[in-house]
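Q: Next come a sequence and a model predicted from it.
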Amino acid sequence: ANQSRSTTQPRANTRLTLQRKRKRKGISIMPASSCPASSSLLLDHRKVSPTTTFRRRRRRSVFQRRNNDASRVVLVVSPKAAAAETTTQTTSSLEERVATVPYFNDAREKRVLVGKAGSELVERRNCRDFIALPNEENSSALVKLRETIDEGWQRHELQGYGHASQWPEIFERAECLIREQFPQFGEECEILAGTGWLEDESEAIDWVIRRPEKHVIASKIPFAKRMHRDPDSWTNPSTSQRPREGWTELSMQDRERYQYRFINVHLITSALDPTYNAWQSPLVVMLPRESGKREWPFEKQTLTMTEESAKDESKLEGKNGINPFSWIKGGNRLTRFAHKKEDEPPQSDVVVEETDISDFEFPELTHSDEQEFVTNGALLFDSFDCWHGAAAWCEDKSFKKKLTDIDPKGRQPFHSARCSIEMRFRVRIDQQSKQGKASPSVPWGPFSCAVRSGKFVDARALRDSEARYDLDKGRQI
């Protein structure tokens with residue numbers, strides 16, 4: 001009896017002490033007999049204590065509060081964006097970011113507008129014929145396109161790129177997205193898959209999955225870390241997919257009547273950060289100058305690599321799609337392998353004319369303070385008229401920490417590395433009405449004006465820096 005009293009008394013004291021602590025904290029525990037019948041039966045059936053039930057209720061209430069907080073718009077302020085702004089602020093800081101834009105040998109920090117602020121900027125600059133920034137909340141076509149991409153991702157990811165006929169479902173969905181975002185082109189406009197600049201269209205790259213170089217899952221065509229426009233972006237004459245002389249006759253037929261806009265549908269397929277953008281290497285698109293009436297300044301550069309190194313870089317055979325070490329690694333692709341040994345045999349069957357290396361030119365964008373940029377998790381833009389390229393976010397650590405606190409995926413290298421898919425289209429718009437008169441609904445695009453004025457008819461006839469266009473007549477001034 002003495003032993004039983006000595007063992008039970010501390011337990012009773014402990015129970016009383018716990019009850020006093022809970023009472024001080026405002027927690028009252030009722031015995032099962034004093035609880036409502038339903039609660040008592042619940043406790044008896046599951047063999048759990050009232051304390052456990054309280055903890056479950058508390059966790060449930062915290063979870064509900066977190067869900068309610070998640071449904072609200074989280075305002076994240078980028079310090080550098082606020083400092084970089086020199087004009088009157090018209091949108092919240094959430095929609096302004098700062099990124100290092102890759103100009104030729106001259107990276108610059110530039111303010112980049114995203115989301116609603118980016119769309120408003122496009123509207124103010126009268127650039128809606130060039131750029132659209134949709135999201136899932138305002139675009140049902142975008143939701144369906146992402147669903148279709150998810151359904152076919154495993155079948156096409158290893159392939160990496162291909163012709164539109166190899167993945168026709170996404171091109172059907174993307175066509176609906178283009179019509180939704182550019183209704184001004186008209187219901188009668190033709191939306192054609194691909195650029196159409198190759199004689200053998202089966203060799204064309206109409207869709208491509210891009211990841212950074214040296215990523216654990218290598219992409220056959222990494223994204224370009226330089227500002228460029230698609231028809232004259234090629235820096236290697238040995239690339240078999242680049243446009244050749246006379247390509248405009250294939251791609252832009254009857255251009256006295258029709259204008260062509262080359263729309264790129266770009267979607268981030270990796271994790272998006274809380275501002276609905278890529279965690280790393282966002283694709284930034286620069287707005288056309290004066291709503292497309294004038295070219296931004298650029299310089300024409302010549303190639304520095306040798307013929308053999310050009311052939312080696314353009315080779316796609318014999319490379320493992322899931323082994324990044326079998327792909328080209330590091331360096332500036334404009335000067336890579338420039339000092340390759342002459343005794344090494346060529347590794348590609350692509351025929352390169354002797355004049356291609358010495359005469360091959362490509363434009364490189366010149367920086368200007370007036371240049372403005374936008375980006376988004378989903379982008380539709382005229383890739384022949386808008387300079388674009390992979391930039392790098394350059395906000396400070398405190399801002400990055402705010403983003404990763406909201407979504408921890410930003411701390412994981414695999415999820416934070418950008419993965420994206422691009423689909424290329426030609427939009428063919430009849431500039432004449434049924435009566436044969438000029439239609440003023442959609443102005444001519446700058447690229448169509450340049451081609452109608454003799455540019456790109458010869459493969460080396462690039463556009464002119466700071467050229468002016470008459471968008472009503474469709475000609476270069």
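A: Yep, that arrived.
Q: from here on, contacts and neighbour counts on C-alpha atoms
A: OK.
Q: Which residues does stretch 286-299 contact?
A: 122, 125-127, 363-367, 371-374, 385-388, 445-446, 464-471 (Cα atoms under 8 Å, 6 or more residues apart in numbering).
Q: Which among those count as buried?
A: With burial judged by 16 or more other Cα atoms under 10 Å, the buried subset of the contacts of stretch 286-299 is 122, 126-127, 363-365, 367, 372-374, 385-388, 445-446, 464-465, 468-471.
Q: still on that earlier bit, can you pick out the ones from the contacts of stretch 286-299 that are in strands?
A: In this view, the contacts of stretch 286-299 that belong to strands under DSSP state E are 363-365, 373-374, 388, 469-470.
Q: how about these in a markdown table, adding pLDDT and distance to residue 205?
A: Output for the ones in strands among the contacts of stretch 286-299, formatted as a markdown table (pLDDT from 0 to 100; distance: Cα to Cα, whole Å):
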| residue | pLDDT | distance to residue 205 |
| --- | --- | --- |
| 363 | 88 | 22 |
| 364 | 90 | 23 |
| 365 | 94 | 25 |
| 373 | 98 | 26 |
| 374 | 97 | 25 |
| 388 | 95 | 18 |
| 469 | 97 | 30 |
| 470 | 97 | 32 |
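Q: Just flag the most distant two among the residues you listed.
A: 374 and 470 (25.4 Å; Cα to Cα).
Q: what are the ranges of the strands in the stretch 151-300 of the chain?
A: 161-162, 190-193, 207-210, 258-268, 283-286, 298-302 (DSSP state E, counting those that start in this stretch).
Q: Let's verify residue 369: helix, strand, or coil?
A: For residue 369, the assignment made with DSSP: H, G, I helix; E, B strand; the rest coil gives coil.
Q: Measure how buried it is and give me the count.
A: 6 (other Cα atoms under 10 Å).
Q: That one and residue 112, how far apart?
A: 13 Å (Cα to Cα, to the nearest Å).
Q: how about low-confidence regions in this structure?
A: 1-94, 214-220, 222, 233-243, 303-360, 433-440, 458-460 (pLDDT under 70).
Q: Show me the helices in it, by range?
A: 2-24, 37-46, 50-71, 79-84, 115-124, 140-156, 168-181, 247-251, 307-314, 354-359, 397-406, 413-416, 446-452 (DSSP state H).
Q: If we ignore the residues flanking it in sequence, what's nearest residue 427?
A: Spatial nearest neighbour of residue 427, excluding adjacent residues (Cα to Cα, 6 or more residues apart in numbering): residue 191 at 4.6 Å.
Q: Enumerate every residue touching the one you found.
A: Neighbours of residue 191 in contact, by Cα under 8 Å, 6+ apart: 175, 425-428.
Q: redo that, cut-off 10 Å
A: Contacts for residue 191 (Cα atoms under 10 Å, 6 or more residues apart in numbering) come out as 171-172, 174-176, 178-179, 260-263, 425-429.
Q: Could you check how far it is from residue 99?
A: Counting by Cα to Cα, the gap from residue 191 to residue 99 is 33 Å.
Q: One more: residue 157?
A: Following Cα to Cα, the distance that separates residue 157 from residue 99 is 29 Å.
Q: now residue 148
A: 31 Å.
Q: who has more neighbours, the two?
A: Between residue 148 and residue 99, residue 99 has the larger neighbour count (other Cα under 10 Å), namely 23 against 17.
Q: Surely that one touches residue 278?
A: No. The pair residue 99 / residue 278 is not scored as a contact, 11.9 Å apart, by Cα atoms under 10 Å.
Q: overlap in contacts of these two?
A: By Cα under 10 Å, 6+ apart, the residues touching both residue 99 and residue 278 are 392-393.
Q: Run a quick check on residue 119 versus residue 113, I expect a contact.
A: Yes. Here residue 119 reaches residue 113: they are 8.5 Å apart, a contact under Cα under 10 Å.
Q: Comparing the two, which residue is more hemmed in?
A: residue 113 (26 against 20).
Q: quick one: contacts for residue 418?
A: Counted by Cα under 10 Å, 6+ apart, residue 418 has contacts 210-212, 215, 223, 268-272, 277-283, 390.
Q: Contact partners for residue 135?
A: 115-116, 141-143, 276, 376-379.
Q: again with residue 162
A: Contacts of residue 162 (Cα under 10 Å, 6+ apart): 156, 202-209.
Q: ok, so what distance separates the nearest residue to it once chain neighbours are set aside from residue 422?
A: Nearest non-adjacent residue to residue 162, counting by Cα to Cα, 6+ apart: residue 205, 5.0 Å away. Going from residue 205 to residue 422 by Cα to Cα gives 10 Å.
Q: can you check residue 146 too?
A: 12 Å.
Q: joint contacts of the two?
A: Counting by Cα under 10 Å, 6+ apart, the residues touching both residue 146 and residue 422 are 267-268.
Q: Just give me the neighbour total for residue 274.
A: 20.
Q: can you count the residues close to the residue lying closest to it once chain neighbours are set aside?
A: For residue 274, ignoring the flanking residues on the chain, the nearest one in space by Cα to Cα, 6+ apart is residue 403 at 6.3 Å. Using other Cα under 10 Å, residue 403 has 21 neighbouring residues.
Q: what does residue 262 give?
A: Count around residue 262 with other Cα under 10 Å applied: 25.
Q: That one: what's it in contact with?
A: Per Cα under 10 Å, 6+ apart, neighbours of residue 262: 130, 191-195, 230-231, 381-385, 424-428, 445, 447.
Q: Identify the residue spatially nearest to it, adjacent ones excluded.
A: residue 426 (4.6 Å).
Q: residues contacting the one you found?
A: Neighbour list for residue 426: 190-196, 251-252, 259-264, 382 [criterion: Cα under 10 Å, 6+ apart].
Q: Chain neighbours aside, what residue packs nearest to residue 227?
A: Nearest to residue 227 is residue 389, by Cα to Cα, 6+ apart, at 4.6 Å.
Q: can I assume that neighbour is in contact with residue 228?
A: Yes. At 6.4 Å, residue 389 counts as touching residue 228 under the criterion of Cα under 10 Å.
Q: Identify the contacts common to those two.
A: In contact with both residue 389 and residue 228: 102-103, 285, using Cα under 10 Å, 6+ apart.
Q: Near residue 136, how many other residues are there?
A: Neighbours of residue 136 (other Cα under 10 Å): 13.
Q: out of everything not next to it in sequence, what's closest to it?
A: That would be residue 143: by Cα to Cα, 6+ apart, it lies 5.6 Å from residue 136.
Q: From the contacts of residue 262, list the buried ones, please.
A: Buried among the contacts of residue 262 by 16+ other Cα under 10 Å: 130, 191-195, 230-231, 381-385, 424-428, 445, 447.
Q: on that earlier part again, which of the contacts of residue 426 sits closest to residue 441?
A: Among the contacts of residue 426, and counting by Cα to Cα, the member closest to residue 441 is residue 259, at 12.4 Å.
Q: how far away is that closest one from residue 109?
A: 35 Å.
Q: related to what we said a few turns ago, need the ones in strands among the contacts of stretch 286-299 in JSON lines with distance to residue 396, can you?
A: Listed next are the ones in strands among the contacts of stretch 286-299 as JSON lines, based on distance: Cα to Cα, whole Å:
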{"residue": "363", "distance to residue 396": "32"}
{"residue": "364", "distance to residue 396": "29"}
{"residue": "365", "distance to residue 396": "27"}
{"residue": "373", "distance to residue 396": "20"}
{"residue": "374", "distance to residue 396": "20"}
{"residue": "388", "distance to residue 396": "24"}
{"residue": "469", "distance to residue 396": "41"}
{"residue": "470", "distance to residue 396": "43"}
